[in-house]
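1. A predicted structure for the sequence below; I have some questions about it.
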Amino acid sequence: MLDYQEWRHVFKLDPNKEISDQDLEAVCESGTDGILLGGTDGVTLDKTLQLLARVRRFSVSCALEISNVESITPGFDYFFIPSVMNSSKVEWVLGHHHAAIKEFGPIMNWDEVVMEGYCVLNQEAKVAALTEANTDLSGEDIVAYARMAEKLYQFPVFYLEYSGVYGDVSIVEDVSRVLEKTRLFYGGGIQSPAQAREMAGLADTVVVGNLIYEDVGAALATVEAVKRTQK
Ligand SMILES: CC(C)=CCC/C(C)=C/CC/C(C)=C/CC/C(C)=C/CC/C(C)=C/CC/C(C)=C/CC/C(C)=C/COP(=O)(O)OP(=O)(O)O
Ligand SMILES: O=P(O)(O)OC[C@@H](O)CO
Ligand SMILES: [Mg+2]
């Protein structure tokens, strides 16, 4: 299992979306560093377990990015826990987390837990609607969230989430410049090796999601593009 701190390229698989055995094999055997299972809506325990079992046929690292308490199950290498820092609702910042820790706290293996400070930046994304995120942010606002994630909360991961659209390169650049220890995850709208390369030059980890379901060949081509790029 590759430590998540070494991940450069990650595929995000949505338990609520269909993927053929052939495409799943190609994704898992692509040379990607990790598979993140996660989505905003329609994620159930049943769908999560089914996809986990299918991914576990391969040796790639596999993490659950928790979107609801009902879908938490053992069997993952890591549990990534989003906290949407620019949500206007406390439940998406720490409320659901409190409820989950009440339930799972006594039996948790804390070494498997990875906190992610999320900054959601595409107003049209489902995750923005769900969490009522304030996406009307300046570059300075976003950099301040990054600094908070690292210096105040000491989150191991800060996630610039543009889900569905390609992000603002100058903002990713500004955030990249201020983070020292916290790893920068970039996700959103990657459609080509050129875009993957551009973001890989700025972020520690590049996440490719929807493209898997739209054009698996193009998605696979992002792996080498990221791996060949130095941050
Ligand atoms: C027994 C056992 C296994 C114990 C495990 C113990 C453990 C690890 C417990 C966890 C404790 C804990 C603190 C849990 C957190 C609970 C929780 C529900 C927190 C809230 C998380 C949150 C803010 C969710 C909001 C949605 C979100 C950020 C989802 C992430 C995925 C995402 C953004 C996907 C992008 O959207 P997508 O679905 O792709 O959109 P499209 O469909 O349009 O593409
Ligand atoms: O689906 P896309 O737009 O590639 O975004 C990836 C990931 O950041 C979604 O949570
Ligand atoms: Mg998606």
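-> Received it, and whenever you're ready, just let me know what you need. These numbers were taken from a predicted model, which means no experiment stands behind them. Ligands and ions are numbered 1, 2, ... in the order given.

2. So which bits of stretch 27-41 are buried?
-> In terms of neighbour count (16 or more other CB atoms under 10 Å), stretch 27-41 has its buried residues at 27-28, 30, 32-40. (C-beta placed from N, C-alpha, C; glycine too.)

3. check contacts around whichever residue of the chain sits closest to ligand 2.
-> Residue nearest to ligand 2 within the chain: Gly187 (2.0 Å; CB to the nearest ligand atom). With contact taken as CB atoms under 8 Å, 6 or more residues apart in numbering, Gly187 is in contact with 12, 159-163, 206-209.

4. The buried residues of stretch 27-41: which two are farthest apart?
-> Comparing every pair within these by CB to CB identifies Ser30 and Thr40 as the most remote, at 24.0 Å.

5. By proximity to ligand 3, which residue of this protein wins?
-> Ligand 3 sits closest to Gly209 of the chain, with a gap of 4.2 Å, by CB to the ion.

6. Excluding chain neighbours, what is closest to that residue?
-> In this structure, Gly209 finds its nearest non-sequential neighbour in Lys12, 4.0 Å apart by CB to CB, 6 or more residues apart in numbering.

7. isn't that neighbour right up against Leu211?
-> No. The criterion here is CB atoms under 8 Å, and Lys12 misses it with Leu211 at 10.0 Å.

8. Just the CA trace of the strand or helix carrying Asp23, in PDB.
-> Using DSSP states H and E, Asp23 sits in helix 21-28. C-alpha atoms of helix 21-28 as PDB (Å, rounded to 0.1, in the frame of the first residue of the first chain):
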ATOM      1  CA  ASP A  21     -15.300  -4.700 -15.000                       C
ATOM      2  CA  GLN A  22     -13.100  -3.900 -17.900                       C
ATOM      3  CA  ASP A  23     -12.900  -0.200 -17.200                       C
ATOM      4  CA  LEU A  24     -12.500  -0.800 -13.500                       C
ATOM      5  CA  GLU A  25      -9.500  -3.100 -14.100                       C
ATOM      6  CA  ALA A  26      -8.000  -0.500 -16.500                       C
ATOM      7  CA  VAL A  27      -8.400   2.200 -13.800                       C
ATOM      8  CA  CYS A  28      -7.000   0.100 -11.000                       C
END
